[in-house]
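# Need a 3D model of the following:
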Amino acid sequence: MHQIFDSLIQFWGYTGFANCTFAHVVMILIGITFICLGIFKKWEPLLLVPIGFGIIVGNIPFTEGLNIGIYEENSVLNILYSGVRQGWYPPLIFLGIGAMTDFSSLISQPRLMIIGAAAQVGIFAAFLASQALGFTPSEAGAIGIIGGADGPTAIFLSSKLAPDLMGAIAVCAYSYMALVPVIQKPLMLMLTTKKERNIIMPKPRKVGPKEKIIFPIVGFICTAFIVPSGLPLLGMLFFGNLLKESGVTRRLAETARGPLIDVVTILIGLTVGASTQADKFLSDKSIKIFCLGLFSFVIATASGILFVKFINLFLKEGHKINPLIGNAGVSAVPDSARVSETVGLECNPGNHLLMQAMAPNVAGVIGSAVAAGLLLSFLS
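I've put the predicted structure just below:
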């Protein structure tokens, strides 16, 4: 009987109930919140549901030494997490993004590319603010990239510059990607007038197949020569687009934008979520990162809108740009462009801005990768 009692005590010591702390409960509730937002609010469910469940997985209490935790060397979760830690999931995501993105709107309206560049101001503003709050230059660079609203780029850069902060940075970046409509719409309405919101832009010209094939080749060579350190992201982005537009690699393009990106999204979401173990995640630094990420995202959105308003001062009537597409300069494709379309239609049911907004939106993808390359060059 005594032996049975000792066995029960030993069993209890291995259960999650015996090892549970208040911090574990808090993180599990956060994970459940992410899942609910994804399912019931439909806020980026492909991101929030895997991340939310991953947060729950990562915060089930257990006894050290069982080789099951994400930070225990050679555990299953640790091996899956190596794609995040070593930065090879993000380029695969970029391959899929390239294979599903149509660059026609950017090719037909190259002047809108500068809006995507202007929105990257948020990245460098957060970089300076992070340093002012006591983060090292490398940590500040990894935090600043959150302003691009590009989860894969944030993971890639933080894996190189600030691996200890990668969990907080990744969750922060994906959270704000999911909250694009919530954060951007009030800013767009606040920073524009009714007259500006009603500006009608001409339809983009039709782009030929040869232009679509030439663009990823020339675009990659130009950007990679400027920022070679962005090679993994830029190379996969433009390669994926070439697979899509070449017309002879349809099967490869369908794989890249379908099964491949789906599998990698599942793995990246689950493992990023699981990396938020309470003892690693709940800290003053994490709170600062979320505040700085929001600051960066707000500045990026505002910069794009205000830059459009500025250049409109020099454009003639009939050639002005609707500042509602300035928000799309961040890298959240195509969510930011959809917000431009939605707000534009609310102000004028006949004013469709989606195609125009896609130009700065895809420019923002390229811009955030270039910004990441610049930061990596200077800080690594």
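# The spatially most central residue of the chain and residue 177, how far apart?
Centroid check for the chain by Cα atoms, centre = their mean gives residue 150 as the closest residue, at 2.1 Å. Look at residue 150 and residue 177: by Cβ to Cβ, to the nearest Å, they are 8 Å apart. Glycine gets a C-beta too; all of them are placed from N, C-alpha and C.
# Ok, residue 28 next?
Distance from residue 28 to residue 177, by Cβ to Cβ: 22 Å.
# between these two, which one's more packed in?
residue 177 (25 against 20; other Cβ atoms under 10 Å).
# For the closest residue in space to residue 118 that isn't next to it in sequence, the count of nearby residues, please.
What sits nearest to residue 118 in space, not counting adjacent residues and going by Cβ to Cβ, 6 or more residues apart in numbering, is residue 307, at 3.7 Å. Applying other Cβ under 10 Å, we find 21 other residues in the vicinity of residue 307.
# Against which helices or strands is whichever helix or strand residue 307 is part of packed?
Taking DSSP states H and E as the criterion, residue 307 maps to helix 284-312. In terms of contacts (3 or more Cβ pairs under 8 Å, 6 or more residues apart in numbering; DSSP states H and E), helix 284-312 is packed against helix 113-118, helix 121-132, helix 137-144, helix 166-178, helix 180-191.
# One more pass at 6 Å, please.
Packing partners of helix 284-312 (3 or more Cβ pairs under 6 Å, 6 or more residues apart in numbering; DSSP states H and E): helix 113-118, helix 121-132, helix 166-178, helix 180-191.
# Quick one, which of the ones you listed gets closest to residue 11.
Comparing the helices and strands packed on helix 284-312 against residue 11 with Cβ to Cβ, the closest turns out to be helix 166-178 (30.9 Å).
# Send me the closest one as CSV with only the CA atoms.
C-alpha atoms of helix 166-178 as CSV (Å, rounded to 0.1, in the frame of the first residue of the first chain):
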residue,chain,number,x,y,z
MET,A,166,12.5,36.0,-31.3
GLY,A,167,9.4,34.6,-29.6
ALA,A,168,8.1,38.0,-28.5
ILE,A,169,9.0,39.7,-31.8
ALA,A,170,7.3,37.0,-33.9
VAL,A,171,4.1,36.9,-31.9
CYS,A,172,4.0,40.7,-31.9
ALA,A,173,4.5,40.9,-35.6
TYR,A,174,1.8,38.3,-36.4
SER,A,175,-0.6,39.9,-33.9
TYR,A,176,-0.4,43.3,-35.6
MET,A,177,-0.7,41.7,-39.0
ALA,A,178,-4.0,40.2,-37.8
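# what inclination does that helix have with respect to helix 137-144?
Interaxial angle, helix 166-178 versus helix 137-144 (axes from the mean of the first three to the mean of the last three Cα atoms, to 10 degrees): 30 degrees.
# What angle do helix 284-312 and helix 166-178 make with each other?
40 degrees.
# Pull the distance from helix 166-178 to the chain's centre.
Per Cα atoms, centre = their mean, to the nearest Å, the displacement of helix 166-178 from the mean C-alpha position of its chain is 7 Å.
# ok, now stretch 347-367?
From the chain centre to the centre of stretch 347-367 is a distance of 18 Å (Cα atoms, centre = their mean).
# Buried residues, that stretch. List them.
347, 351-367 (16 or more other Cβ atoms under 10 Å).
# Give me the subset of the residues you listed lying in helices.
By the criterion of DSSP state H, membership of the buried residues of stretch 347-367 in helices covers 347, 354-367.
# count of neighbours near residue 166?
Residue 166 has 24 nearby residues by other Cβ under 10 Å.
# Tell me, how many residues neighbour the residue nearest to it when sequence neighbours are not counted?
Counting by Cβ to Cβ, 6+ apart, the nearest residue to residue 166 once its immediate chain neighbours are dropped is residue 158, at 4.4 Å. Residues near residue 158, counting by other Cβ under 10 Å, number 30.
# Also residue 42?
Residue 42 has 10 nearby residues by other Cβ under 10 Å.
# Residue 185 and residue 166, how far apart?
30 Å.
# Ok, residue 22 next?
Taking Cβ to Cβ, one finds residue 22 at 24 Å from residue 166.
# try residue 44
Separation of residue 44 from residue 166 (Cβ to Cβ): 20 Å.
# Next secondary structure after the host helix or strand of residue 92?
Per DSSP H and E: residue 92 is located in helix 89-100. Next along the chain after helix 89-100, taking DSSP H and E as the criterion, comes helix 104-108.
# who's in contact with that next one?
Residues outside helix 104-108 that contact it (Cβ atoms under 6 Å, 6 or more residues apart in numbering): 204, 205, 207, 211, 215, 355, 358, 359, 362, 363.
# where in the stretch 1-150 of the chain is pLDDT low?
Applying pLDDT under 70 to the stretch 1-150 of the chain picks out residues 1-2, 5-6, 8, 12-13.
# Surely residue 256 is in contact with residue 99?
Yes. Contact between residue 256 and residue 99 holds when scored by Cβ atoms under 6 Å: they sit 3.9 Å apart.
# Now do the shared contacts for those two.
residue 240.
# buried set for stretch 26-41?
Applying 16+ other Cβ under 10 Å to stretch 26-41 flags 27, 28, 30, 31, 34, 35, 37, 38 as buried.
# So which of these are in helices?
27, 28, 30, 31, 34, 35, 37, 38.
# give me every residue that touches the fourth one.
Spelled out, it's residue 31. 52, 55, 56.
# Recalculate using a threshold of 8 Å.
51, 52, 53, 54, 55, 56, 59, 273 (Cβ atoms under 8 Å, 6 or more residues apart in numbering).
# Can you name the two of those residues that sit furthest apart?
Farthest pair in these (Cβ to Cβ) is 51 and 59. Separation: 12.5 Å.
# Ramachandran coordinates for residue 332?
Per-residue torsions, residue 332: phi -80, psi 90 (degrees, to the nearest 10).
# what's around it, how many residues?
29.
# And the one 4 residues further on, by the same measure?
Residues contacting residue 336 under the criterion other Cβ under 10 Å number 30.
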